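*Asks:* Based on what follows, work out the 3D shape:
(chains A and B)
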There are 2 protein chains.
Amino acid sequence: MSAPTPLFLEDLHPGQKFPGGQVLLDLHRMKAFAAEFDPQPFHLDETAAQTSIFRGLAGSGWYTAALAMRQLVDGGLPFAHGLIGLGGEIAWPHPTRPGDTLTLESEILEVIPSRSKPQQGIALVRCTMTNQDGKSVYIFTVKILVHRRPVPN
Amino acid sequence: MSAPTPLFLEDLHPGQKFPGGQVLLDLHRMKAFAAEFDPQPFHLDETAAQTSIFRGLAGSGWYTAALAMRQLVDGGLPFAHGLIGLGGEIAWPHPTRPGDTLTLESEILEVIPSRSKPQQGIALVRCTMTNQDGKSVYIFTVKILVHRRPVPN
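*Replies:* The predicted model follows:
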């Protein structure tokens, strides 16, 4: 598969969708991430997780966020000069479980040229990770800095 | 240092602040995280980073988020039954740099008892990571599920 053509602000329009890849939520990697960054019993210990609000082992929401980022970088959102997120709204509507297959999709919601910086703008993008049952486990609506296509000299 | 007393919804009020620990942004760990989850040149390659918008190597925003989470779990926000974030607003106002010392502070903005579930509620919490120059590198305003203190039988 060839690399996707890098996109500039002019190439984007609201409603445009970008498929991401799929990622399998591996039990050991999920636990390793939690052990380092989010060491709570319901992310690490099957028995303790049973009596938690999750009723079973659940992945850290930050692990889902990190996996989604990797998908975006790996061609899920092929913006020229890379993906620079300024901030956004994050939601984890359903827990992730070991063995889940997560699929990313991104949609352009808004394209906002900068008033002060003629060479750039912002794309408002909604990135959604969905599990094998069609449930959203991660929704990130993010403002991404996007470059305009350079004017040829 | 003894573990902090776990807090219930009744123990929280707007304006209450919780200090977090400090964390040093280690170059190698920062790059290892980026290599796994956010492999973009400005997070991995000093030379490429110089000509990027960051004008030098910058940490992945997701690494900052993960480090902040670890600080919260390590006593930065000692809620009973752990930290279950439902979602929130994230911002990365300034880049992080290798060698930065990041300090976390959390502030309760709002305490919202649940109408339908008498045993729980939501705390709206703003978590801020600040670097050694007093600049905010990460602001996460998050809704956290908090349990009410159990009524003795």
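
*Asks:* switch to C-alpha atoms for all contacts and neighbour counts from now on
*Replies:* Noted.

*Asks:* what does the helix or strand containing A:Tyr63 rub up against?
*Replies:* Here A:Tyr63, judged by DSSP states H and E, is contained in helix A:61-71. For helix A:61-71, contacts defined as C-alpha atoms under 8 Å, 6 or more residues apart in numbering or on different chains pick out A:20-23, A:30, A:33-34, A:92, A:95-96, A:104, A:129, A:138, B:36-39, B:62, B:65-66.

*Asks:* What's the ChimeraX syntax to select whichever of those residues are buried?
*Replies:* In ChimeraX, a selection of the buried entries from the contacts of helix A:61-71 looks like this (16 or more other C-alpha atoms under 10 Å in any protein chain shown):
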select /A:20,21,22,23,30,33,34,92,95,96,104,129,138 /B:37,38,39,62,65,66
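
*Asks:* so of the contacts of helix A:61-71, which ones are in helices?
*Replies:* The members of the contacts of helix A:61-71 that map onto helices under DSSP state H are A:30, A:33-34, B:36-37, B:62, B:65-66.

*Asks:* And the pLDDT at the residue nearest the centre of chain A?
*Replies:* Nearest residue to the geometric centre of chain A (C-alpha atoms, centre = their mean): A:Ala68, 3.3 Å. Looking at A:Ala68, its pLDDT is 97.

*Asks:* Leaving out the residues flanking it, which one is nearest to A:Val111?
*Replies:* Computed as C-alpha to C-alpha, 6 or more residues apart in numbering or on different chains, the closest residue to A:Val111 that is not its neighbour in sequence is A:Ala123, at 4.6 Å.

*Asks:* so how many other residues sit close to the one you found?
*Replies:* The tally of other residues near A:Ala123 (other C-alpha atoms under 10 Å in any protein chain shown) stands at 23.

*Asks:* can you check the one 10 residues further on too?
*Replies:* Look at A:Asp133: counted by other C-alpha under 10 Å, it has 9 neighbours.

*Asks:* Spell out which parts of chain A neighbour chain B.
*Replies:* With C-alpha under 8 Å from any C-alpha of the partner chain as the criterion, chain A meets chain B at residues A:36-40, A:52, A:62, A:65-67, A:69-70, A:73, A:81-82, A:85-93.
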